[in-house]
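*Asks:* what's the 3D shape of this:
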Amino acid sequence: MKNKSLLLSIFILSTFVVSGVFAKPHKARSNDIKRLVKNIFVNLDVTEEQKQEIKSFVQSAKENRKKQQAEPDSYHSQMQEFLNNSRFDEEKARQLITFKQENRITNQVERLKLKHSIMQVLTQQQREHLQKLKYQSKSLKESNN
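*Replies:* Numbering: from 1, shown residues only. The predicted model follows:
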């Protein structure tokens, strides 16, 4: 009985650990671009040309994301196959984890590329003003905590 309890506990714990490793990215990551664009449009005096350029960057990134999501994702089927296998294959587990990590890195690079493109549209004065706004916002949040 004690062994069964221990095995059940280990199984439940490993399920939580595995689900944490393979969880989808937090929603806040996708919202940081929205916040940046909103902050630029509301707080900076950007020209109509700058607005259009920023909107085109965001739209292009959105289309690229949709294309990637439309591609068949064999990861989930491979994960199910792995979990349903009667024996634990450490090499396969490492491959699955590496694949997921590489996708995360690719997505983060794409987000940084988009942020960089947006920042390059702004003038030096606009960038400095945006940095001041970020610093003020951060200071305000820290003083409220």
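
*Asks:* Could you use CA atoms for every contact and neighbour count after this?
*Replies:* Noted.

*Asks:* Mind telling me what element A93 is part of?
*Replies:* helix 90-121 (DSSP states H and E).

*Asks:* now swap in L130 and tell me
*Replies:* Assigned by DSSP H and E, L130 falls in helix 124-144.

*Asks:* again with E49
*Replies:* helix 48-70.

*Asks:* quick one, that helix and helix 90-121 angle?
*Replies:* 170 degrees (axes from the mean of the first three to the mean of the last three Cα atoms, to 10 degrees).

*Asks:* So for helix 48-70, what gets flagged as buried?
*Replies:* Within helix 48-70, the residues that count as buried by 16 or more other Cα atoms under 10 Å are Q50, K51, I54, F57, V58, A61.

*Asks:* Quick one: mean pLDDT for the helix or strand that comes right after it?
*Replies:* Toward the C-terminus, helix 48-70 is succeeded by helix 74-84 as the next helix or strand (DSSP H and E). Rounded to a whole number, the mean pLDDT of helix 74-84 is 86.

*Asks:* And the contacts of helix 74-84?
*Replies:* By Cα atoms under 8 Å, 6 or more residues apart in numbering, the residues outside helix 74-84 that reach it are F88, D89, K92, A93, L96.

*Asks:* I'm done for today, thanks for sticking with me.
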